[in-house]
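Asker: Have a look; sequence and predicted model below, questions after that.
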Amino acid sequence: MPTILFNLGLAFMTSMMGLSLQRSHLISALLCLEGMMLTLFLMLTTWATEQQSSLLFSALMMLLTLSACGAGTGLSLLVTTTRTHGSSNMNNLNLLQC
Amino acid sequence: MTYAIFLFGLCFVFGLLLVASNPSPYYGVLGLLMASAVGGGFLVGVGSSFLSVILFLIYSGGMLVVFAYSVALAADFYPEAWGSRSVAVNLVVFLSLLVFVGSGFSWGLSKKGVGEETVDFGGISLIRGDFGGVAILYDFGCSVLVVSGWVLLVALFVVLELTRGQSRGSLRAV
């Protein structure tokens, strides 16, 4: 169990560093968010399996649903940014602000 | 099995490291796909194989959409893979940070002793825990199911309003 927690903690920290340090494209930030959600999925599954509680597995389905909603909204924001600014680089968002 | 799970976990961290080191989005999606595949193996090792199938089918299906978007919208003239200079610098910096943090972690864990067992739901039974847990969603958790369906419907309308581009959506001609 500690090594599993070790790996998953490192994975979450990696994605969070990647999200927060440097992003050039908006979709790279979305990919890091997806990685964080994947890590959360693995953490919750490991927890439910270790607890041997079947009820917790239905929370996983809800997590998948919410991550699908988040990914859909993020992709639509990406499309909106591409339509207004011409590309999805993050620099454009800073340059063209009012 | 302990070492196999640890190896899967390390490969998972490495896949996310490939995403986090800021390559072009094509290659980032490849890293995320690798991480999800290895995560499926991790879940099989931990003992919930049905969730692994769900992760591999549904999550990778969703990733396919993201992959198509990244190819279509983030078209660089010179895509940067991990051999490129800035991405390689990011990769090395993140890896050294992880080694630093991970050595602290493992020092803290060594106080408690690193032992590990994997848990399969014990014995031969008709309904495994993960199958039954997902099926509970349709029985006790029907209110949660309705709420999730409603949330998906609301998300559909949010996406439609965000990308509509007429006079009343979020995209307006100023």
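Answerer: Yep, that arrived. Numbers count the residues shown, from 1 in each chain, chains lettered A, B, ... in the order given.
Asker: Please count neighbours and contacts with C-alpha atoms only from this point.
Answerer: Will do.
Asker: Let me see the ranges of the strands in chain B.
Answerer: Applying DSSP state E to chain B gives no strands.
Asker: how about low-confidence regions in chain B?
Answerer: By pLDDT under 70, the weakly predicted segments of chain B are B:74-75, B:106-127, B:167, B:173-174.
Asker: what packs against the top helix by length along it?
Answerer: Using DSSP state H to define each element, chain B has its longest helix at helix B:85-112. When contacts are defined as 3 or more Cα pairs under 8 Å, 6 or more residues apart in numbering or on different chains; DSSP states H and E, helix B:85-112 packs onto helix A:2-20, helix B:2-20.
Asker: Dump those helices into CSV; add mean neighbour count and distance to B:Phe131 as well.
Answerer: Shown next, in CSV, are these (neighbours: other Cα atoms under 10 Å in any protein chain shown; distance: least, Cα to Cα, whole Å):
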stretch, mean neighbour count, distance to B:Phe131
helix A:2-20, 21, 23
helix B:2-20, 23, 22
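Asker: Of these, which is nearest A:Leu66?
Answerer: Among those, helix A:2-20 comes nearest to A:Leu66, with 18.0 Å by Cα to Cα.
Asker: quick one: the closest one to helix B:2-20, angle?
Answerer: Using axes from the mean of the first three to the mean of the last three Cα atoms, to 10 degrees, the inter-axis angle of helix A:2-20 relative to helix B:2-20 is 0 degrees.
Asker: check contacts around the residue most central in space within chain B.
Answerer: Residue closest to the mean C-alpha point of chain B, counted by Cα atoms, centre = their mean, is B:Ser36 at 5.4 Å. If a contact means Cα atoms under 8 Å, 6 or more residues apart in numbering or on different chains, then B:Ser36 has A:38, B:12, B:55-56, B:59-60 as its contacts.
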